[in-house]
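[1] Okay, predicted coordinates and the sequence, questions at the end:
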Amino acid sequence: MSDARDVEKSWRDPVALRQAVRYGAGVIFVAAVAFAVFAVVDKHSVVLASTVPAILFLGGVGALAKAYRVWRDGGTWPAWQGAGWFLLTLMLVCLSIPWSAAMSEV
């Protein structure tokens, strides 16, 4: 496999970008549903609160795995890598949700 495509940085692939954005939006939607369930059912449940960052973590790891598979096959991988890192960063922000549920029990 040639590294010429990585060096030239011409990664314009609208189809791959749309797929990565749809994947990221889908994961965020599922995490938002999990947050709504947490907010409606029991605001003091650490287990329910932990599902939000867990979903984002699994989604981020899934996007990074997809980026690796696309890279290995010689495709346009940066959109998938960006989606993965965005989801993992959002997961770090959402770690405050289980922390706030744990602190509300005290």
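    Nice, thanks for sending it over.

[2] For His44, see how far away the spatially most central residue of the chain is.
    With distances taken as Cα atoms, centre = their mean, Leu87 lies nearest the centre of the chain, 2.7 Å away. Separation of Leu87 from His44 (Cβ to Cβ, to the nearest Å) stands at 27 Å. For glycine as for every other residue, the C-beta is placed from the backbone atoms N, C-alpha and C.

[3] Equivalent analysis for Leu17, please.
    Distance of Leu17 to His44, computed by Cβ to Cβ: 41 Å.

[4] For these two, indicate the residue with more neighbours.
    Leu17 (17 against 13; other Cβ atoms under 10 Å).

[5] right, and the more buried one touches Ala79 too?
    Yes. Counting by Cβ atoms under 8 Å, Ala79 is a contact partner of Leu17 at 4.5 Å.

[6] shaky segments in this protein?
    1-10, 105-106 (pLDDT under 70).

[7] For it, which segments are assigned as helices?
    Using DSSP state H, the helices of the chain run over 4-8, 14-41, 46-72, 78-94, 96-105.

[8] now the second one: how far from the chain's centre is it?
    Same thing as helix 14-41. With Cα atoms, centre = their mean, to the nearest Å as the basis, helix 14-41 stands 8 Å off its chain's centre.

[9] helices and strands around it, which ones?
    helix 46-72, helix 78-94, helix 96-105 (3 or more Cβ pairs under 8 Å, 6 or more residues apart in numbering; DSSP states H and E).

[10] quick one, that helix and helix 78-94 angle?
    Here helix 14-41 points in a direction 20 degrees away from that of helix 78-94 (axes from the mean of the first three to the mean of the last three Cα atoms, to 10 degrees).
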